[in-house]
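J.: Here's my sequence, what's the structure:
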Amino acid sequence: METAKHRTQISLEDWQYQILLEMSKKEKKSLSQIIREFLSEKLSKQAMKPKEDSVWSIIGIGSGDGSPVAREHDRFLYAKMRKK
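T.: So this is what the prediction gives:
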């Protein structure tokens with residue numbers, strides 16, 4: 001079953017038109033079909049990219065030098081207080 005298509009008009013650079021025309025002849029497809037395939041490829045790649053979420057920007061913010069901060073957190077948290 002074919003989905004609904006919407007007619008649109010675009011302006012192409014001469015070199016773009018020539019390349020598409022060559023592809024159309026070589027692949028025996030209409031210019032419209034070639035352009036739809038390009039758009040589908042581009043848009044599907046974009047849709048597969050993970051969305052930018054500010055939560056993901058904090059990943060790695062707490063990476064350290066490998067010291068046992070989680071196990072010995074009191075020593076790290078209060079070390080400066082003891083020195084005073």
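J.: Which residue is the nearest non-sequential neighbour of Leu21?
T.: Leu31 (6.9 Å; CB to CB, 6 or more residues apart in numbering). C-beta here means a position set from N, CA and C on the backbone, and glycine is covered the same way.
J.: could you measure that neighbour against Glu22, distance?
T.: The spacing between Leu31 and Glu22, counted by CB to CB, to the nearest Å, is 11 Å.
J.: And the helices in this structure?
T.: 14-27, 31-48, 73-83 (DSSP state H).
J.: Those: which one's closest to Arg7?
T.: Proximity to Arg7, assessed across the helices of the chain by CB to CB, is greatest for helix 31-48 (9.4 Å).
J.: buried set for the closest one?
T.: By neighbour count on 16 or more other CB atoms under 10 Å, the buried set for helix 31-48 is 34-35.
J.: so how far is it off the chain centroid?
T.: Mean C-alpha position of helix 31-48 versus that of the full chain (CA atoms, centre = their mean, to the nearest Å) differs by 15 Å.
J.: which secondary structure elements does it contact?
T.: Judged by 3 or more CB pairs under 8 Å, 6 or more residues apart in numbering; DSSP states H and E, helix 31-48 is in contact with helix 14-27.
J.: which other helices and strands contact the helix it packs on?
T.: helix 31-48.
J.: any idea of the mean pLDDT in the helix it packs on?
T.: Mean pLDDT, computed over helix 31-48, is 88.
J.: Just the CA atoms from it would do, formatted as PDB, please.
T.: The C-alpha trace of helix 31-48 is given here as PDB (Å, rounded to 0.1, in the frame of the first residue of the first chain):
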ATOM      1  CA  LEU A  31      14.200  12.300 -10.500                       C
ATOM      2  CA  SER A  32      11.500  12.400  -7.800                       C
ATOM      3  CA  GLN A  33      12.300   8.800  -6.700                       C
ATOM      4  CA  ILE A  34      16.100   9.600  -6.600                       C
ATOM      5  CA  ILE A  35      15.400  12.700  -4.400                       C
ATOM      6  CA  ARG A  36      13.000  10.800  -2.100                       C
ATOM      7  CA  GLU A  37      15.600   8.100  -1.600                       C
ATOM      8  CA  PHE A  38      18.200  10.700  -0.700                       C
ATOM      9  CA  LEU A  39      15.800  12.300   1.700                       C
ATOM     10  CA  SER A  40      14.800   9.000   3.300                       C
ATOM     11  CA  GLU A  41      18.500   8.000   3.800                       C
ATOM     12  CA  LYS A  42      19.400  11.400   5.400                       C
ATOM     13  CA  LEU A  43      16.300  11.600   7.600                       C
ATOM     14  CA  SER A  44      16.500   8.000   8.800                       C
ATOM     15  CA  LYS A  45      20.200   8.600   9.900                       C
ATOM     16  CA  GLN A  46      19.100  11.700  11.700                       C
ATOM     17  CA  ALA A  47      16.200   9.900  13.400                       C
ATOM     18  CA  MET A  48      18.600   7.200  14.600                       C
END
